Each structure stands twice: as structure tokens, then as C-alpha cells.
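Asks: Output the structure for:
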Amino acid sequence: MKETAAEPGVAFQPVEYISGDPDSGLLLLCDHARNTVPPGYGDLGVPAEQFERHIGYDIGARAVTLELARRLNAPACLTTYSRLLIDPNRGEDDPTLIMRLSDGAVVPGNAQVDERERAGRIEAFHKPYHDLIDRSLNTMIAKAPPPVIVSIHSFTPVWRGVPRPWHITVLWDSDPRAARPMLDGLRAQEDLVVGDNEPYDGALKNDTMYRHATSRGLAHALLELRQDLIADPHGVTEWADRLEPVLRTIVTSLDCRRIQHFKSRSDTD
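Replies: Residues are numbered from 1 along each chain as shown. Take a look at the predicted model:
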């Protein structure tokens, strides 16, 4: 069910922040946590059932993020609006920032978006999320060694009729400090099919990880979990059980938490 925007008389908050220990060594992100449309936008002209699909949000990603934040006492930054309104995991100049057509679904509420409306959505929804991440990182770095950034996403089990074999994948660009041990830790669980930069490539200039991790020289990885595996509380618990020890191992590594600068593949294009 699509989540409601806000209680009457309560201002819509575009971000959700979960407090944690600044010295936890980990900052969790969830770019596509909810399928809410803020007041004033109606339903964007999109049928309710479309918001239940991956085009509306990353199914299960918020629940996994919250459970990991609780277990690891780690801060977490999440959005509260549907990616159909604006995609916080895209750079402000990205042509896919506001989608008029998403996996076959027309979005009438985005059809006439001009530069003024685009700028307004960036200011009201996109910018607050990235500002929150910046503030969280600044606070953590001021109090402790730099954190590892891990972003939680989910992907569909089937794409255009073709089944996807992976249970979980790790997306990354040029910095192997968190990605390689993440891949190794997951592959050590022999019942898993683990993808490396599948079904997407982690080199996306000006996306969330580039903006906050690559540009600062912070170790990071983006996790994509298959949606059918985390669509209910049982699946969320199972995957938190799998990920918790892997993340604990990574954040205790001094190599991961030392600031280094790796040349992004996007910078060489």
C-alpha cells in the first residue's frame, strides 16, 4: 500500500534520520526508502498499484536499513518520498532525475515539468537529503575516524521477462576498500549468488555515493538486495543476520576508515 504523505496540519518532512553512535564506523543510506507523494502533488497521475512496484521505491530497503542501524547503533539517512517525484540518487543535472516514463508507466504529473518546477523539487526534496548526509558525515568525522558509507537498495527478481540469478550484489566504482571485503564476506556464505556490479554499474558520476563518498575519499559500497527476499519481516531479519557480521568486520578495518582518494572511472570518461 502506498504510504500517506502526512497527517493533516503536519508539514511533510523529506528526510528521516536515525541517530546512532558517531564512532560506530558506519553511515547507512537509503535513497529510495518510501513510496510517498508529498501534499500538493496528488498521485502524479499514476495508479496506486504502480507505487507498489520498484518504480515507486526500493521494496524492503527501508526495513533492512532500520534493522541494521538498530543492531550496529549506526546513524542512517533515508528519504521519505517516492522516486517518481524526484530521484535522490541522481545528480541535479541528470536527465533521469525526474522521470516522465518509468519502466512502461507514464507519469502525467511529470510531463510538464519545466526548469522552475525542477529547481523547486530539487530545493524541497533532493537537497534536504544530501544536506542531511553532509551534516551527518561532518559530525561523524569531527568526532571519530571517518565512517564507511553503505547504501541499501533493492532490485526486481525479473527484468523484462528475464530472471535475475543474484541474491545480493555489490556496486562500486574505483575504491575497493569496502567493496572487496563486502564481496568476500558475502561469497563466504556459500548458499548465496553474489553479483559484482550487477545488474547495474556502480560508476555513476554525481550519484549519492559519488557525491558523498568518492568525492571525500571515504570507503563505501552500495548493496542491492533482491526484492522478493526482503519483502516481509522474516526476509528482513534473515538478511540483517547475514549482513551484520560482514559490516562489523569491514568497519573495524583501519584501511577502510583511513581517508584515501581513488580516481573514479566516471572522471576518466
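Asks: CA only for contacts and neighbour counts going forward, please
Replies: Noted.
Asks: what about the helices in the stretch 101-250 of the chain?
Replies: 115-121, 127-143, 176-187, 208-212, 233-251 (DSSP state H, counting those that start in this stretch).
Asks: Buried deepest among those helices, which one?
Replies: Each of these was scored by mean neighbour count; the highest is helix 208-212, a mean of 22, by mean count of other Cα atoms under 10 Å.
Asks: With just CA atoms, put it into CSV.
Replies: C-alpha atoms of helix 208-212 as CSV (Å, rounded to 0.1, in the frame of the first residue of the first chain):
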residue,chain,number,x,y,z
THR,A,208,24.8,9.7,-4.0
MET,A,209,27.9,7.6,-3.5
TYR,A,210,30.0,9.7,-5.8
ARG,A,211,28.8,12.9,-4.2
HIS,A,212,29.4,11.9,-0.6
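Asks: For it, give me every contacting residue.
Replies: 88-91, 130, 133-134, 151, 204-205, 218, 220-222 (Cα atoms under 8 Å, 6 or more residues apart in numbering).
Asks: Mark which of those are buried, thanks.
Replies: Buried members of those, counted by 16 or more other Cα atoms under 10 Å: 88-91, 130, 133, 151, 204-205, 218, 220-222.
Asks: ok so, going back, out of the helices of the stretch 101-250 of the chain, the one nearest S24 is which?
Replies: Closest to S24 of the helices of the stretch 101-250 of the chain is helix 233-251 (Cα to Cα; 8.0 Å).
Asks: didn't L222 look like it was pressed against V148?
Replies: No: assessed by Cα atoms under 8 Å, L222 is found out of contact with V148, at 11.0 Å.
Asks: V15 is in contact with T80, isn't it?
Replies: Yes: here V15 lies in contact with T80, judged by Cα under 8 Å, at a distance of 5.4 Å.
Asks: which residues of the stretch 51-200 of the chain fall in strands?
Replies: In the stretch 51-200 of the chain, the segments counted as strands under DSSP state E, counting those that start in this stretch are 76-79, 101-102, 105-106, 148-155, 158-159, 162-163, 168-171, 194-196.
Asks: Low-confidence regions, the stretch 151-269 of the chain specifically.
Replies: For the stretch 151-269 of the chain, the stretches with pLDDT under 70 are 266, 268-269.
Asks: hmm, 90 instead?
Replies: Scanning the stretch 151-269 of the chain with the threshold set as pLDDT under 90 gives 159-162, 199-206, 253-269.
Asks: Might one say that A240 is in contact with L68?
Replies: Yes: with contacts counted by Cα under 8 Å, A240 reaches L68, the gap being 6.1 Å.
Asks: thinking again about what came up before, right, so of the helices of the stretch 101-250 of the chain, which gets closest to A33?
Replies: The nearest among the helices of the stretch 101-250 of the chain, by Cα to Cα, is helix 127-143 at 11.8 Å.
Asks: And the closest one, what does it pack against?
Replies: For helix 127-143, the packing partners by 3 or more Cα pairs under 8 Å, 6 or more residues apart in numbering; DSSP states H and E come out as strand 15-18, strand 76-79, helix 208-212.
Asks: Dump these to a markdown table, plus distance to D103.
Replies: Shown next, in a markdown table, are those (distance: least, Cα to Cα, whole Å):
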| stretch | distance to D103 |
| --- | --- |
| strand 15-18 | 25 |
| strand 76-79 | 21 |
| helix 208-212 | 22 |
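Asks: Quick check: which of these is nearest to R164?
Replies: Nearest of the helices and strands packed on helix 127-143 (Cα to Cα): helix 208-212, 23.9 Å.
Asks: And the closest one, how far out from the chain middle?
Replies: 11 Å (Cα atoms, centre = their mean, to the nearest Å).
Asks: circling back to that earlier point, go through the strands of the stretch 51-200 of the chain and name the closest to A231.
Replies: Taking Cα to Cα, strand 148-155 is the member of the strands of the stretch 51-200 of the chain nearest to A231, at 9.9 Å.
Asks: now what about stretch 12-25, what contacts it?
Replies: Applying Cα under 8 Å, 6+ apart, the contact partners of stretch 12-25 are 5-6, 38-39, 66, 69, 72-81, 124-125, 128-129, 132, 139-140, 143-148, 251-252, 257.
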